[in-house]
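*Asks:* below: sequence and its predicted model.
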Amino acid sequence: MHLLPPYAQNLVAILSVVGLRTEDALHLPENCVEYDAAGDPRLRWYNHKMKRDGRPLPITTAVAEAIQRQRDLVKEVPDIFGKRYLFRTEYGLYQFSRFYKHLNQLAARVPILGDDGQVYRFKPHQMRHTVGTQMINGGLGIADVMAYLDHESAEMSLQYAAIDDDNLKQKFKALVLSGRAVGGAALKALKEQLEKGDERELDWVVSNLRKLSLPWGQCLHHAKANKCPYGQNACFTKDNGPCHKLVTTPEHAPVIRATMADLKKSKQIADGKGWEMYANDLADQIRGMEQVLAELELPADQRPKNRGGSK
């Protein structure tokens, strides 16, 4: 960020959090910040595409500070349009094209690389798209995204769900093919399909991935199959060890370790009370967790690939 000119730094700070169109952000007035009854800052803005005032948007302290920094930058700049624009210059408004030129120069200098390994090229609306997909990924509904971004129709908001699903698909595909994840027969079958260029099962998995997320991994139980009768308590015990449909990555290890520590405390209590069945059940879960953690420690080519499948 510090490699960008001050105007660009402040504009990025606003766009990356608030998600305005660049045109709307460039036309913000100096007095665009107001405060609600609780004293929290909100942004007043005008939707140029819809020709109407936008709904006041809650902003973070960082955004409010960026706006104040920009106010300080322009306090001596002539007000050519008589509108007290926040991003005015002595020649007019800070130009849209100049802003993206600065971003792309930064990308080449750092460099910032895209998924294809090439220097990333910033495009109009990119940060607005990012805010929209982050809202979808954070669990907000289409109606919430539509209201926040001041979309005219739900179809406009749905595009962010599609963008996010594609990103999620590519990330999960890369994860499966990389060998970083551990799992059983279901993961092995999915990896073999992907290596053959068949993404039909992947498309289903990604469309259901958020529903199938667990604190300690992802479940590949298919929606067309009967509902899993075991529930989360059997994730580490179903196949006399971890379930073959449980997919776990190194990122899940801290949760597994913390859960296992709690289970070990409970087992100590159960052993002391003589609750044999409960203690045995806890021991089975602990063993399954230890097996997953041990698998994660192994190099990818040494991990068991037939959990729950044929030997």
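*Replies:* Right, received. Where do you want to start? Numbers count the residues shown, from 1 in each chain.
*Asks:* rest of the way, CA atoms for contacts and neighbours
*Replies:* Noted.
*Asks:* what about the closest residue to Asp301 other than its chain neighbours, how many neighbours?
*Replies:* Nearest-residue entry for Asp301: Gly179, 8.0 Å, with adjacent residues in sequence omitted and distances by C-alpha to C-alpha, 6 or more residues apart in numbering. Residue neighbour count, defined by other C-alpha atoms under 10 Å, stands at 15 for Gly179.
*Asks:* am I right that Gly179 is in contact with Gln302?
*Replies:* No. Between Gly179 and Gln302 there is no contact under C-alpha atoms under 8 Å: 10.4 Å.
*Asks:* the domain parsing of the protein - what is it?
*Replies:* When the chain is parsed into structural domains using automatic domain parsing, the resulting residue ranges are 6-112, 125-178, 179-302.
*Asks:* for Val119, find the nearest of these.
*Replies:* Within the domains of the chain, the stretch nearest Val119 is domain 6-112; the backing value is 5.7 Å (C-alpha to C-alpha).
*Asks:* quick one: distance of the closest one to the chain centre.
*Replies:* Relative to the mean C-alpha coordinate of its chain, domain 6-112 is positioned 24 Å out (C-alpha atoms, centre = their mean, to the nearest Å).
*Asks:* picking up where we left off before, any chance of the domains of the chain in JSON lines, plus mean pLDDT?
*Replies:* Listed next are the domains of the chain as JSON lines, based on pLDDT from 0 to 100:
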{"stretch": "domain 6-112", "mean pLDDT": "92"}
{"stretch": "domain 125-178", "mean pLDDT": "71"}
{"stretch": "domain 179-302", "mean pLDDT": "80"}
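*Asks:* and the ones you listed: which comes nearest Gln118?
*Replies:* The closest approach between Gln118 and any of those, judged by C-alpha to C-alpha, belongs to domain 6-112 at 8.3 Å.
*Asks:* start to end distance for the closest one?
*Replies:* 19 Å (C-alpha to C-alpha, to the nearest Å).
*Asks:* and what of stretch 85-92?
*Replies:* Using C-alpha to C-alpha, one end of stretch 85-92 lies 9 Å from the other.
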